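**Q** I need the structure of the sequence given here:
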Amino acid sequence: MALTDNLQAFYKLSDLTDSSGNNRTLTNNGNVSFASGKLGNAAVFDGSNWMSAPINQTGITDYTLACWVKLGANSSGSQFLVNGLTGNAWENGGITLDLQDKYPNTYANFGADSFGYGLNSQTELSTDTWYHLVGVRSNGLLKIYINGSVDCVSETTDNTPIPGGSPISLGQNADGTYGPFTGALDAVGIWNRALSDAEVAALYNNGNGLELGTTPTLNTLTMIQGNAKFYGKVKFVG
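**A** Numbers count the residues shown, from 1 in each chain. Below you'll find the predicted structure:
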């Protein structure tokens, strides 16, 4: 199975473009800025802004949320990657990859109150460090991967479908009213299936990261030698 199978959106976050081919372009709410990130540029959030896109995973039971994240100050409680309703998306049926405060430390959290369980990572997260975080739900089980490896697995087997009902959002919840995030996000992916251990490791790519859905056009090619003719659409997949 290819990593792009059932890929709903992939954001390189050098801009607002969805490179999955599904054209789920992000909306920039509050002037999220871009700066040097893990792979090219990344989106930088200041706690007052967020991004959103028209994707709805309502009724899906297996899914994956993935991103590179670098925490800024005061990030505990942030809902930085959300498919959920307004208000506290976790409590209102949304699916979140977020941060939980176990004072004085911060951990990754993945889950939703709609199926009665949220999973906290075993690994403590530090500020100003890039982490590759992946949340996977498969056959009712929740997993958190950190930097390419399984960090923890839930004990629940609840397979309640996602209620969904709102766009995906980055930086806080869908209406910008809960869980503001301070820090940076890069290479965000959303799948309507559970990625395998091997696929998560491939995304991590030995710490180098991986961008999906690249489709170069002729003006992005650096060199063509000899005579070349192109008819129709040409797609290059790296």
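
**Q** Now do the end-to-end distance for stretch 156-169.
**A** 26 Å (Cα to Cα, to the nearest Å).

**Q** likewise stretch 172-183?
**A** Terminal residues of stretch 172-183 are spaced 11 Å apart (Cα to Cα).

**Q** model confidence over that stretch, on average?
**A** Here stretch 172-183 scores 77 as its mean pLDDT.

**Q** Figure out how far stretch 128-136 is from the centre of its chain.
**A** Relative to its parent chain, stretch 128-136 has a centroid offset of 9 Å by Cα atoms, centre = their mean, to the nearest Å.

**Q** send the alpha carbons of that stretch over as CSV?
**A** The C-alpha coordinates for stretch 128-136 follow below in CSV (Å, rounded to 0.1, in the frame of the first residue of the first chain):
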residue,chain,number,x,y,z
ASP,A,128,12.3,24.4,20.8
THR,A,129,12.8,20.7,19.7
TRP,A,130,11.3,19.2,16.5
TYR,A,131,9.2,16.0,17.2
HIS,A,132,7.5,13.8,14.7
LEU,A,133,4.1,13.0,16.3
VAL,A,134,1.6,10.5,14.8
GLY,A,135,-1.7,9.4,16.3
VAL,A,136,-3.2,6.2,14.9
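
**Q** Would you mark the buried spots in it?
**A** By neighbour count on 16 or more other Cβ atoms under 10 Å, the buried set for stretch 128-136 is 130-136. The C-beta positions use only the backbone N, C-alpha and C, and glycine is treated the same way.

**Q** for stretch 49-66, same thing?
**A** Across stretch 49-66, burial judged by 16+ other Cβ under 10 Å covers 49-53, 55, 57, 60-66.

**Q** Likewise for stretch 149-157?
**A** Residues of stretch 149-157 classed as buried by neighbour count (16+ other Cβ under 10 Å): 151-152, 154.

**Q** gap between it and the chain center?
**A** So, by Cα atoms, centre = their mean, the centroid of stretch 149-157 is 18 Å from its chain's centroid.

**Q** Show me how far stretch 143-162 is from its chain's centre.
**A** Computed by Cα atoms, centre = their mean, the chain-centroid distance of stretch 143-162 equals 15 Å.

**Q** now do the same end-to-end measure for that stretch.
**A** Start-to-end span of stretch 143-162 (Cα to Cα) is 16 Å.

**Q** what's that stretch in contact with?
**A** Contacts with stretch 143-162, where a contact means Cβ atoms under 8 Å, 6 or more residues apart in numbering, come from 57-61, 63, 83, 93, 95, 108, 110-112, 114-117, 119-123, 131-137, 139-142, 197, 200-201, 203-204, 206-207.

**Q** how about 6 Å then?
**A** Under the contact criterion Cβ atoms under 6 Å, 6 or more residues apart in numbering, stretch 143-162 has outside partners 57, 59-61, 95, 108, 110, 115, 117, 119, 121-123, 132, 134-136, 140-142, 200-201, 204.
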